[in-house]
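Colleague: Generate a structure from the sequence data that follows.
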Amino acid sequence: MHLKPGPRNLITDVPGLKVGNAQNDTLKSGTTVLVGDAPMVASCHVMGGAPGTRETDLLAPDKTVAAVDALVLSGGSAFGLDACSGVMDGLHADGRGFEVGPVRVPIVPGAIVFDLLNGGDKDWRDTPYRTLGLSAYRAADVDFEIGSVGGGTGALTGAEKGGLGSASFRAGAFTVGALVIANPVGTVTTPGGRHFWAAPYEVENEFGGMGPDLAVLGGAIPHSAKLAEAHSGENTTIAIVATDAPLTKAQCHRLAVAAHDGMARAIVPSHTPFDGDLVFTASTGDATGVDEVTLVTLGHAAATCLARAIARGVFEATSAPGDVLPCWQDRG
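Modeller: Residues are numbered from 1 along each chain as shown. I've put the predicted structure just below:
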């Protein structure tokens, strides 16, 4: 089956989804939120050793809550989990949420990356992430920027600035998209700094068209400033893969597992003890389920989308005063 990107090459090519970003450039941090026009079937899978999460237990296939209203990817380490509260505030004001008698409770799982040592001013008095979460929710639209924006504002990889990335594919009758904050302990580029590990999966020069690095031989771990410092918990790549296929909650979990292959294709090394690598899955379908062959196809599309999205986030990152690492665009 031929996979072709959607018209935006963003996760919002999946019908019924919007993405909002909010950031503080002095802080060098921010928040990104994915919102569904209606509640979304969702699950997640964690493969990193140092995750920071909120409301992820209820996403297990055997848990009661069947759908979520939004998903949050944020900077700020544990402080950033408060962005979910801001998104809840916005959803509540709009009358959305899980019905419990006369009460509606918005369901907003989230995950964070560690970006507290990226050169930004973190000497806040009041934690800013609840406000950033609400602002991101209010900004949600089908068109949004990637790179050094939202939750990717202060992201760093092992060799250069990270960022917020997104990509999409049309897979048969369905659309699959990925949204990611690339902030790993590992590298997204090969040792020379110009080629992306994800190069074999690039579509239409979306991250520079440099092609694979023919000088790289397998086995060596590229230099990573983060890995050399080995500060536990100061990294993490977090992502959402979404589709309009009518996945069950269990199938959403299986898609999240498959999508982690995209991290391994785009980041070397990935899923380390120092990363909190996590993938959420969201389905805007009716949860009636798909056959196993279709699920395999969707898993392949999701993994490939995620690899591309990671590279796109780094490719689109831009420099700012006080940066501690260069951007890919500035390497010349």
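Colleague: which strand is the longest one in the chain?
Modeller: Ranked by residue count, the top strand of the chain under DSSP state E comes out as strand 29-46.
Colleague: buried set for it?
Modeller: Neighbour-count burial for strand 29-46 flags 29-36, 39-46 (criterion: 16 or more other CB atoms under 10 Å). For glycine as for every other residue, the C-beta is placed from the backbone atoms N, C-alpha and C.
Colleague: Repeat that for stretch 98-106.
Modeller: In stretch 98-106, counting by 16+ other CB under 10 Å, buried: 98, 106.
Colleague: same deal with stretch 321-328?
Modeller: Of the residues in stretch 321-328, those buried by neighbour count under the rule 16+ other CB under 10 Å are 323, 325, 327, 328.
Colleague: cool, and stretch 50-60?
Modeller: 50, 51, 52, 53, 54, 55, 56, 59.
Colleague: So the closest residue to residue 194 other than its chain neighbours, which state does it fall into?
Modeller: If the residues on either side of it in the chain are set aside, residue 194 comes closest to residue 210, at 5.6 Å by CB to CB, 6 or more residues apart in numbering. In three-state terms, and counting by DSSP: H, G, I helix; E, B strand; the rest coil, residue 210 is coil.
Colleague: was I right about residue 210 contacting residue 193?
Modeller: No - with contacts counted by CB atoms under 8 Å, residue 210 stays clear of residue 193, the gap being 10.4 Å.
Colleague: Which strand or helix spans residue 282?
Modeller: Using DSSP states H and E, residue 282 falls within strand 278-283.
Colleague: How far off centre is that strand?
Modeller: Distance of strand 278-283 from its chain centroid, counting by CA atoms, centre = their mean, to the nearest Å, is 9 Å.
Colleague: Show me what that strand pairs with in its sheet, parallel or antiparallel.
Modeller: Within its sheet, strand 278-283 is paired with strand 29-46 (antiparallel), strand 238-243 (parallel), according to DSSP bridges.
Colleague: Now render those as JSON lines, adding mean pLDDT and distance to residue 180.
Modeller: Formatted as JSON lines, the strands paired with strand 278-283 follow (pLDDT from 0 to 100; distance: least, CB to CB, whole Å):
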{"stretch": "strand 29-46", "mean pLDDT": "97", "distance to residue 180": "9"}
{"stretch": "strand 238-243", "mean pLDDT": "98", "distance to residue 180": "4"}
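Colleague: I'd like to know which of those is closest to residue 89.
Modeller: strand 29-46 (11.9 Å; CB to CB).
Colleague: Can you show me the CA trace of the closest one as CSV?
Modeller: The C-alpha trace of strand 29-46 is given here as CSV (Å, rounded to 0.1, in the frame of the first residue of the first chain):
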residue,chain,number,x,y,z
SER,A,29,9.2,26.4,27.6
GLY,A,30,5.6,25.9,26.6
THR,A,31,2.7,23.5,26.1
THR,A,32,0.9,21.8,23.2
VAL,A,33,-2.6,20.4,23.4
LEU,A,34,-4.5,18.1,21.0
VAL,A,35,-8.3,18.6,21.3
GLY,A,36,-11.0,16.5,19.6
ASP,A,37,-14.2,18.0,18.3
ALA,A,38,-15.8,15.1,20.3
PRO,A,39,-14.3,12.8,23.0
MET,A,40,-11.6,10.4,21.6
VAL,A,41,-10.9,6.8,22.3
ALA,A,42,-7.4,6.8,23.7
SER,A,43,-4.6,4.7,25.2
CYS,A,44,-0.8,5.0,25.8
HIS,A,45,2.4,3.0,26.1
VAL,A,46,5.5,4.0,28.1
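Colleague: any idea which helix or strand comes after that strand?
Modeller: strand 53-54.
Colleague: what's the spacing between that following strand and its chain's center?
Modeller: Here strand 53-54 is found 14 Å from its chain centre; the criterion is CA atoms, centre = their mean.
Colleague: Pull the residues that contact that strand.
Modeller: With contact meaning CB atoms under 8 Å, 6 or more residues apart in numbering, strand 53-54 is reached by 44, 46, 72, 81, 84, 108, 109, 110, 111, 112, 276, 278.
Colleague: Of those residues - the most surrounded one?
Modeller: Most neighbours among the contacts of strand 53-54, by other CB atoms under 10 Å: residue 72, with 34 neighbours.
Colleague: my guess is that one contacts residue 85, does it?
Modeller: No - taking contacts as CB under 8 Å, residue 72 lies outside contact range of residue 85: 9.7 Å.
Colleague: anything in contact with each of the two?
Modeller: Among the neighbours of residue 72, those also in contact with residue 85 (CB under 8 Å, 6+ apart) are residue 133.
Colleague: that older thread, alpha carbons only: can I get the strand holding residue 282 in PDB?
Modeller: This file holds the C-alpha atoms of strand 278-283, laid out as PDB (Å, rounded to 0.1, in the frame of the first residue of the first chain):
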ATOM      1  CA  LEU A 278       5.700   7.800  25.900                       C
ATOM      2  CA  VAL A 279       3.200   7.500  23.000                       C
ATOM      3  CA  PHE A 280      -0.500   8.400  23.400                       C
ATOM      4  CA  THR A 281      -2.900   7.100  20.800                       C
ATOM      5  CA  ALA A 282      -6.200   8.800  20.000                       C
ATOM      6  CA  SER A 283      -9.000   7.500  17.700                       C
END
